[in-house]
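> Coordinates for the following, if possible.
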Amino acid sequence: MAEDKQSLFAHLNGETGKIGWHDLQPWFAKGDTLCVAPGVDLVAVAAALAADDSVAVKRWLDAGQLGPVPVDQASAWFATKAEVWAVVVLPWILVQQA
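Here you go, the predicted structure:
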């Protein structure tokens with residue numbers, strides 16, 4: 001079991017990268033992007049979502065550390081042509097300020 005978690009974490013870590021916020025606009029418009037707060041491990045959140053770890057996901061949601069990308073944040077990223085860290089865990093694209 002622990003090896004499975006490590007394997008999932010390693011896989012997602014390898015799939016994580018920087019992307020321009022402009023490139024994610026279609027997914028943001030559909031509501032398919034989730035924002036991970038600074039200081040929270042993006043890959044750990046992705047792994048918890050992929051593994052259906054509802055306890056961990058609920059903890060981040062309740063703490064306001066995970067949720068839809070706020071419109072004001074999206075606008076700021078768009079205006080500054082920001083790059084964000086991103087990883088895909090279908091149906092979501094998780095993003096975090098770079």
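
> Flag every buried residue along the worst-scoring helix or strand of the chain on mean pLDDT.
When the helices and strands of the chain are compared on mean pLDDT, DSSP states H and E, helix 2-15 comes out lowest with a mean of 88. Applying a neighbour-count criterion of 16 or more other C-beta atoms under 10 Å, the buried positions in helix 2-15 are Leu8, Phe9, Leu12. All C-beta atoms are positioned from the backbone trio N, CA, C, and that covers glycine.

> As CSV, those with distance to Trp60 would be great.
Shown next, in CSV, are the buried residues of helix 2-15 (distance: C-beta to C-beta, whole Å):
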residue, distance to Trp60
Leu8, 17
Phe9, 16
Leu12, 16
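
> any idea how far the closest residue to Val57 other than its chain neighbours lies from Ala63?
Once flanking residues are discounted, Val57 sits nearest to Ala48: 5.4 Å by C-beta to C-beta, 6 or more residues apart in numbering. Ala48 is 13 Å from Ala63, where distance means C-beta to C-beta, to the nearest Å.

> More neighbours: the two, which one.
More neighbours surround Ala48 than the other of Ala48 and Ala63, with 22 against 11 (other C-beta atoms under 10 Å).
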